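Participant: Could you work out the structure for the sequence below:
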Amino acid sequence: MPSRGLALLAAIGPAMADEAASPVPRYRLKVGQELKYHGSSDFKYESGSLGSETDWQVWVVRANDDGSGGS
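Facilitator: Below is the predicted model:
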């Protein structure tokens, strides 16, 4: 049975390396742009439930002085 564990690790290793090599997401945000996010979750368990809701509203107010983060 130990060889199955090693085979699994050998299969996972390359996949993790590919994931780490993928580029970071890039966004072209412009001054004045508005971003909105809404998220909710509901966790039910034997004697009840827990729920939460999140709303974000964000505005891009200026570009960075060094030119990064803007177009």
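Participant: Let's test this: mean pLDDT of the helix or strand hosting residue 37, rounded?
Facilitator: Assignment of secondary structure by DSSP states H and E places residue 37 within strand 34-45. Averaging pLDDT along strand 34-45 gives 96.
Participant: Low-confidence stretches in the protein?
Facilitator: 1-20, 69-71 (pLDDT under 70).
Participant: Helices of that one, start to end?
Facilitator: Secondary structure of the chain by DSSP state H: the helices cover 2-21.
Participant: about what we covered before: could you say what helices and strands the strand holding residue 37 packs with?
Facilitator: Applying 3 or more CB pairs under 8 Å, 6 or more residues apart in numbering; DSSP states H and E, we find strand 34-45 packed against strand 48-59. No exception for glycine: its C-beta is placed from N, CA and C like everyone else's.
Participant: got the angle for the strand it packs on vs strand 34-45?
Facilitator: When axes from the mean of the first three to the mean of the last three CA atoms, to 10 degrees is applied, the directions of strand 48-59 and strand 34-45 differ by 170 degrees.
Participant: What is the burial count for residue 63?
Facilitator: Using other CB atoms under 10 Å, residue 63 is surrounded by 14 other residues.
Participant: how far away is it from residue 25?
Facilitator: Distance, residue 63 to residue 25, by CB to CB, to the nearest Å: 19 Å.
Participant: returning to that earlier point: so in that sheet, which strands flank the strand holding residue 37, and in what orientation?
Facilitator: strand 48-59 (antiparallel) (DSSP bridges).
Participant: Please report the distance of residue 58 from residue 45.
Facilitator: Distance of residue 58 to residue 45, given as CB to CB: 33 Å.
Participant: These two: who's more crowded?
Facilitator: residue 58 (11 against 7).
Participant: Skipping its backbone neighbours, what lies nearest the more buried one in space?
Facilitator: In space, and not counting its chain neighbours, residue 58 is closest to residue 35: 4.7 Å by CB to CB, 6 or more residues apart in numbering.
Participant: ditto for residue 41
Facilitator: Nearest to residue 41 is residue 52, by CB to CB, 6+ apart, at 5.5 Å.
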